[in-house]
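Asks: Got a predicted model here, sequence first, then my questions.
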Amino acid sequence: MAWVTDHRPDGEALNACVTCGLCLPVCPTFRITGDETASPRGRLRAMIAVEDGEAPVDARFADVMSLCLQCRACETACPSLVPFGSVMESSRAEVVSQVAGERGRFRRFLTVTVLRSRLLLRLATRVAAVLQRLGVLTRVPRIGNQAEGLRRLPLASTSAVGGSWGPADGQVAMLLTGCVSDVWFSDLHRATIELLVAAGYRVEAPSSQTCCGALASHGGFAGDAAAMATANIEAFADADLVVADVAGCGAHLKTYTGSGGADVAAKTKDITSVVAEAIEDGRLPVLPHTGQPVGIQDPCHMEHGLRTHTAADAVVEAAGHVPIPIDRGGLCCGAAGMYQIEHPDISEHLGIQKAAAATEKDTTIIVSANAGCEMQLRRYLSGASTVMHPVELYASQLKHYNG
């Protein structure tokens with residue numbers, strides 16, 4: 001049996017690969033395992049074998065697809081411009097359809113059922129917050145180790161959904177509040193809103209929005225991801241600008257297509273880029289120079305998805321600090337959403353490697369524009385450095401400067 005869903009990988013995209021091997025040095029799983037099936041071209045060959053009817057979508061195929069971090073470093077390196085991220089998501093949709101199992105049901109519960117329900121998220125967060133304060137959250141089976149990198153979770157909800165801020169006649173910037181970011185990263189949302197208002201925007205967070213759908217799409221739940229995209233396309237239809245303050249979410253919004261989707265994708269910007277532009281054109285100030293070095297971790301979503309890393313440098317420099325890239329052009333940090341739960345060994349290997357690169361720079365503050373990367377860094381740095389979003393650093397310094 002070959003492909004069976006409407007989400008099957010595009011044959012033309014698969015055959016664009018010329019097996020040159022330029023993807024091999026930048027692929028984390030190939031670098032760690034040395035296994036051809038753990039490389040982008042190896043995975044593409046597996047997809048082509050299914051496409052040609054030479055191999056089935058079975059448990060072995062599922063394992064080959066599952067090991068990919070979807071960092072998309074191979075896309076940046078590929079001379080043939082193979083859209084590896086999209087064909088990987090398509091192949092995983094086929095796995096979900098053809099290879100049933102407990103792992104898939106558990107993943108769907110977390111990435112679809114929970115992330116689409118604000119009530120479930122709040123309840124889960126409150127329970128986790130209590131366990132965190134009791135010091136036992138890290139002992140919870142399957143997710144405990146990953147919880148080591150969490151910020152301090154709130155006991156009470158501080159959702160930004162449904163809010164509006166700033167001048168009524170300003171350019172409308174609609175904020176993607178996201179799923180876990182809305183309840184776990186409320187301080188980041190607060191900094192984002194403050195800076196957007198200071199830059200002259202009218203900020204709105206429409207209540208009809210939902211999770212961006214990135215984790216659902218990465219997991220192969222294409223239909224659910226499409227439903228989330230539809231809700232967000234409708235919610236953000238009247239925006240002048242759509243702002244995401246989690247790089248992974250912004251990168252996924254950029255993949256929206258179809259009726260209205262392309263418009264939302266075109267209007268979407270990461271908050272780091274928005275703040276950098278506002279600083280450049282004088283709507284936000286350049287603060288006095290302190291000379292303090294700040295390490296910058298480039299999330300894969302920024303480097304290979306949104307294809308920018310200079311914005312974080314500009315924001316850190318405008319905050320008065322010296323930007324120090326900790327591993328520019330390096331491998332993925334290993335967080336990758338559900339990956340750290342499903343493939344903890346590889347995730348840990350990459351997390352330790354990234355933390356070591358950060359430690360070598362001897363900085364006490366490290367910034368990352370993606371929530372998952374931030375958590376991974378905090379987990380493996382074990383308190384050696386303060387980890388935050390670049391706009392949080394700038395907002396904090398601006399508040400201090402303004403007295």
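Replies: Great, that's in hand.
Asks: can you give me the helices for the stretch 101-250 of the chain?
Replies: Using DSSP state H, counting those that start in this stretch, the helices assigned to the stretch 101-250 of the chain run over residues 102-108, 118-134, 180-184, 186-198, 214-219, 222-235, 247-253.
Asks: Minimum distance to residue 374: which of those helices has it?
Replies: Closest approach to residue 374 among the helices of the stretch 101-250 of the chain (Cβ to Cβ): helix 186-198, 9.2 Å. Where you see a C-beta, it was placed from the backbone N, CA and C, and this is true even at glycine.
Asks: so what does that closest one touch, helix or strand wise?
Replies: On a contact count with 3 or more Cβ pairs under 8 Å, 6 or more residues apart in numbering; DSSP states H and E, helix 186-198 meets strand 164-165, strand 172-176, helix 180-184, strand 202-204, helix 271-280, helix 390-402.
Asks: Please identify the deepest-packed of the ones you listed.
Replies: Of all the helices and strands packed on helix 186-198, strand 172-176 has the most neighbours on average by mean count of other Cβ atoms under 10 Å, namely a mean of 26.
Asks: Now for this structure, the helix or strand with the poorest mean pLDDT.
Replies: Least confident helix or strand, the chain: helix 102-108 with a mean of 81, by mean pLDDT, DSSP states H and E.
Asks: what's in contact with that helix?
Replies: 95, 96, 216, 219, 220, 221, 224, 338, 342 (Cβ atoms under 8 Å, 6 or more residues apart in numbering).
Asks: Show the contacting residues for the residue most central in space within the chain.
Replies: When the chain is reduced to its mean C-alpha position, the nearest residue by Cα atoms, centre = their mean turns out to be residue 248, at 2.2 Å. With contacts taken as Cβ under 8 Å, 6+ apart, residue 248 has the following neighbours: 214, 299, 301, 305, 337, 370, 371, 372.
Asks: Could you do residue 221 as well?
Replies: Taking Cβ under 8 Å, 6+ apart as the contact definition, residue 221 lies against 93, 96, 107, 108, 111, 112.
Asks: Tell me, what's the model's pLDDT at it?
Replies: pLDDT, the model's per-residue confidence, is 96 for residue 221.
Asks: What distance do you get for it to residue 366?
Replies: Computed as Cβ to Cβ, to the nearest Å, the residue 221 to residue 366 distance reads 33 Å.
Asks: before we move on, back to that, including distance to residue 127 and mean pLDDT, could the helices and strands packed on helix 186-198 go into TSV?
Replies: Output for these, formatted as TSV (distance: least, Cβ to Cβ, whole Å; pLDDT from 0 to 100):
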stretch	distance to residue 127	mean pLDDT
strand 164-165	30	96
strand 172-176	25	98
helix 180-184	12	93
strand 202-204	31	98
helix 271-280	29	98
helix 390-402	26	93
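Asks: right, and the ones you listed - which one's nearest residue 133?
Replies: When these are ranked by proximity to residue 133 (Cβ to Cβ), helix 180-184 comes first, at 14.8 Å.
Asks: What lies in contact with the closest one?
Replies: With Cβ under 8 Å, 6+ apart as the contact definition, helix 180-184 has outside contacts at 115, 118, 121-122, 125, 150-151, 153-154, 157-161, 188-189, 245-246, 249, 371.
Asks: returning to what we had before: compare the helices and strands packed on helix 186-198 and give me the one nearest residue 241.
Replies: That would be, of the helices and strands packed on helix 186-198 and by Cβ to Cβ, strand 172-176, which comes in at 4.4 Å.
Asks: for the closest one, packing partners?
Replies: Applying 3+ Cβ pairs under 8 Å, 6+ apart, one finds that strand 172-176 makes contact with helix 186-198, strand 202-204, strand 241-244, helix 247-253.
Asks: Any idea which of those gets closest to residue 64?
Replies: Per Cβ to Cβ, nearest to residue 64 of these: helix 247-253, 23.2 Å.
Asks: Show me what counts as buried in that closest one.
Replies: 247, 248, 249, 250, 251, 252, 253 (16 or more other Cβ atoms under 10 Å).
Asks: out of those, who's nearest residue 78?
Replies: Closest to residue 78 out of the buried residues of helix 247-253 is residue 251 (17.2 Å), distances taken as Cβ to Cβ.
Asks: how about that closest one, what does it touch?
Replies: Counting by Cβ under 8 Å, 6+ apart, residue 251 touches 214, 301, 302, 305, 306.
Asks: Check residue 114 too.
Replies: Residue 114 makes contact with 120, 121, 124, 179 under the criterion Cβ under 8 Å, 6+ apart.
Asks: Most neighbours among those residues, please name it.
Replies: residue 179 (24 neighbours; other Cβ atoms under 10 Å).
Asks: Hmm, residue 199 and residue 170 touching each other?
Replies: No - using Cβ atoms under 8 Å, residue 170 is not in contact with residue 199, being 9.1 Å away.
Asks: Neighbour count for those two, which is higher?
Replies: residue 199 (21 against 16).
Asks: tell me the phi and psi of that one?
Replies: Note on residue 199: backbone dihedrals following degrees, to the nearest 10 are phi -80, psi 0.
Asks: Now it: closest residue in space, sequence neighbours ignored.
Replies: Excluding its sequence neighbours, the residue lying closest to residue 199 (Cβ to Cβ, 6 or more residues apart in numbering) is residue 278, at 3.9 Å.
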